[in-house]
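In: kindly return the folded structure for what I paste below:
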Amino acid sequence: MSRNETENSRAKKDTIENFSGAVAALRRGDVIVYPTETLYGLGADAFNQAAVEQVFRLKDRDSHNPISVLIADREMLHELVPQVSPAAENLMAEFWPGPLTLVLPARKGIPKPLLNATGGIGVRISSQPIASRLVEALRRPLTATSANPSGKEPARTVEEAKGYFRDEVKVFLDGGLLRSKRGSTVVEMVGKTIKIIREGEIAASQIRHILGDKRR
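Out: Predicted coordinates for the structure are as follows:
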């Protein structure tokens with residue numbers, strides 16, 4: 001085996017071991033740092049109250065400012081949301097997996113830190129391979145808030161995330177440099193009301209175009 005092949009084999013083994021360690025940490029209720037398709041995120045089992053509280057503490061985030069989650073598939077979506085409107089279906093078909101967070105009316109019993117004032121929960125399916133594999137392996141929603149203290153610049157490299165959380169987070173998954181400028185686009189959908197909460201990587205005009213096309 002050549003030197004390059006040996007190094008590649010070692011790197012692959014390290015990646016597998018790091019990933020397995022990350023899944024084990026999430027199952028223990030720990031918080032990890034991982035890459036999404038936009039920015040590095042603080043990941044925790046969204047159904048583990050203590051783990052979610054730790055995310056809020058790490059970010060120094062207002063407890064009334066909810067955290068969105070990543071899901072693996074439609075089955076997991078329906079564990080969180082009782083029904084999906086035709087407009088939401090249209091946006092999912094166009095932009096999932098990808099940087100679109102949809103805030104949809106949540107089922108009863110969803111943990112309060114995940115809910116906004118109207119009882120909505122922010123969800124998306126990630127297009128980032130590491131992120132999608134994590135939530136698939138965990139089989140529970142994964143918190144998807146950016147890996148930075150509130151008010152600080154979002155982490156776009158694992159080194160930047162370590163600069164914020166090195167002393168408090170033990171598992172960091174490296175996805176290289178992430179080039180997002182604005183994070184995911186957030187769209188809230190309540191009944192027939194549709195509101196763009198944050199314009200991110202998907203432009204508001206793209207959202208309106210899809211909804212307009214489907215409504216004609």
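In: switch to C-alpha atoms for all contacts and neighbour counts from now on
Out: Fine.
In: so where's this protein shaky on pLDDT?
Out: Within the chain, the segments meeting pLDDT under 70 span 1-16, 213-216.
In: nearest the geometric middle of it, what residue?
Out: Ala144 (2.9 Å; C-alpha atoms, centre = their mean).
In: ok, the closest residue to that residue other than its chain neighbours - contacts?
Out: Setting aside the residues directly before and after it, Ala144 is nearest to Val69 in space (C-alpha to C-alpha, 6 or more residues apart in numbering), at 4.9 Å. Counting by C-alpha atoms under 8 Å, 6 or more residues apart in numbering, Val69 makes contact with 46, 114, 122-124, 141-145.
In: mind running it again at 6 Å?
Out: 123, 141-144 (C-alpha atoms under 6 Å, 6 or more residues apart in numbering).
In: can you map out the helices along the chain?
Out: 3-28, 49-59, 74-80, 86-95, 129-138, 158-165, 204-215 (DSSP state H).
In: ok, which of the ones you listed comes nearest Glu37?
Out: Across those, Glu37 has its closest neighbour in helix 129-138 (8.1 Å, C-alpha to C-alpha).
In: any idea how far the closest one is from the middle of the chain?
Out: 10 Å (C-alpha atoms, centre = their mean, to the nearest Å).
In: with stretch 62-70 instead?
Out: Counting by C-alpha atoms, centre = their mean, stretch 62-70 comes out at 11 Å from the chain centroid.
In: same check on stretch 113-123?
Out: How far stretch 113-123 lies from its chain's middle: 14 Å, per C-alpha atoms, centre = their mean.
In: buried residues in it?
Out: Residues 113-116, 119-123 are the ones in stretch 113-123 that count as buried (16 or more other C-alpha atoms under 10 Å).
In: repeat for stretch 125-139
Out: For stretch 125-139, by 16+ other C-alpha under 10 Å, it's 125-128, 130-136, 138.
In: would TSV of these with distance to Tyr34 be doable?
Out: Below are the buried residues of stretch 125-139 laid out as TSV (distance: C-alpha to C-alpha, whole Å):
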residue	distance to Tyr34
Ile125	15
Ser126	12
Ser127	13
Gln128	10
Ile130	8
Ala131	7
Ser132	11
Arg133	11
Leu134	9
Val135	11
Glu136	14
Leu138	14
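In: what is the neighbour count of Pro86?
Out: By other C-alpha atoms under 10 Å, 13 other residues sit near Pro86.
In: list the contacts of it.
Out: So Pro86 contacts nothing (C-alpha under 6 Å, 6+ apart).
In: dump the helices of the chain to CSV, plus distance to Ser150.
Out: Output for the helices of the chain, formatted as CSV (distance: least, C-alpha to C-alpha, whole Å):
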stretch, distance to Ser150
helix 3-28, 22
helix 49-59, 5
helix 74-80, 26
helix 86-95, 27
helix 129-138, 22
helix 158-165, 11
helix 204-215, 24
